[in-house]
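>>> after the sequence you'll find the predicted model.
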Amino acid sequence: MLYGRSAEVAALDRLISQARDGAGAALVLRGEAGVGKTALLDLAASRGGGMRVLRTTGVEAEADLGFAALHQLLWPVLGLLDSLPDPQRDAVRGGLGLAAASSGDRFLLAAGVLSLLAEAAAPDGLVCVIDDFQWVDRASADALLFAARRLGTERIAMLLAVRGDAQVKGVPSVAVGGLAEAAAGELLDGTVPIAAPVRRELIAQTRGNPLALRETVRLLTPEQLAGREPLPDPLPGGAQLFGEQVAALSGPARQVALLAAVESDLDLVLRAAGELGAG
């Protein structure tokens, strides 16, 4: 359940409704990690009724792999490629590694992506969801933004979630901030008993970030939550949250996590883990 997001949900509903009526558009959800952008994307994906949903997520380890995000997004509809004009079809196939690389014409490939999304929108419309856009590879990002700026006559709603101040030019954005005190309080009501002064302090120190609130409450003692003991200064959060999660892993799992933190090549990580006895 989402708390305190009526304005954001209304913006999503407008975008989807307009796309269903043939006035497609794109929208960026911008906010810090843990603020609830993915939850809003999930909600949007469920609000389209009979509209098709295509999704992809930027992955930091794949940011240097050209067309990695597009490959994930378009894979379910590659059967529609034959509906495209031949030059666009060949450009998309070449970019996605389904055929020998074509001339490398970026316009043809981007136009092909837009045409393929338009085909995928028939007959009931399309909701296109891209999470963690700041980690989408450059080739995919360029093609997606080309399409996002040309959806006006298509039945397509495109949503991009981006962290921080990453640039997404030419697409309107909605800032997703921390929850207001009342909404953050509703969120905490579903966790554990918390004294009112402690609740106010937690909301203030986390700036209403839903993930930070949930994880911080999980790491505090009942005495701290009841106000009988002072809260830690600083609150457990940020890197410490992940440190607590890593500490709960078995020794071999911690070793694999450490290897993965310094090396993005999965095969190399697994080989090294095996040689260290952490396979």
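Cool, got the structure. Numbers count the residues shown, from 1 in each chain.

>>> quick check: closest non-adjacent residue to Cys128.
The shortest distance from Cys128 to any non-neighbouring residue, by CB to CB, 6 or more residues apart in numbering, is to Met158 (4.3 Å). C-betas here are computed from N, CA, C, even on glycine.

>>> ignore the last one, Glu119
Nearest in space to Glu119, with sequence neighbours left out and distances taken as CB to CB, 6+ apart, is Leu80 at 4.4 Å.

>>> list the contacts of the one you found.
By CB atoms under 8 Å, 6 or more residues apart in numbering, the contact set of Leu80 is Leu116, Glu119, Ala120.

>>> pretty sure the first one contacts Gly79?
The one in question is Leu116. No. Contact between Leu116 and Gly79 fails when scored by CB atoms under 8 Å: they sit 10.4 Å apart.

>>> and these two? Which one has more around it.
Taking neighbours as other CB atoms under 10 Å, Leu116 and Gly79 compare with Leu116 leading, 24 against 9.

>>> please save the CA atoms from the helix or strand harbouring the more buried one in CSV.
With elements delineated by DSSP states H and E, Leu116 resides in helix 106-120, which encompasses its position. Once non-C-alpha atoms are left out, helix 106-120 reads as follows in CSV (Å, rounded to 0.1, in the frame of the first residue of the first chain):
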residue,chain,number,x,y,z
ARG,A,106,21.4,5.6,-34.8
PHE,A,107,18.3,7.3,-36.3
LEU,A,108,17.1,4.1,-38.0
LEU,A,109,17.5,2.1,-34.8
ALA,A,110,15.7,4.7,-32.6
ALA,A,111,12.9,5.1,-35.2
GLY,A,112,12.7,1.3,-35.2
VAL,A,113,12.3,1.2,-31.4
LEU,A,114,9.5,3.8,-31.6
SER,A,115,7.8,1.8,-34.4
LEU,A,116,8.1,-1.5,-32.5
LEU,A,117,6.6,0.1,-29.4
ALA,A,118,3.7,1.5,-31.5
GLU,A,119,3.1,-2.0,-32.9
ALA,A,120,3.2,-3.4,-29.3
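
>>> same for the helix or strand following it, what does it pack against?
Proceeding C-terminally, helix 106-120 gives way to strand 126-131 as the next helix or strand, assigned by DSSP H and E. With contacts defined as 3 or more CB pairs under 8 Å, 6 or more residues apart in numbering; DSSP states H and E, the secondary structure elements packing on strand 126-131 are helix 6-20, helix 37-46, strand 52-57, helix 68-74, helix 106-120, strand 156-163.
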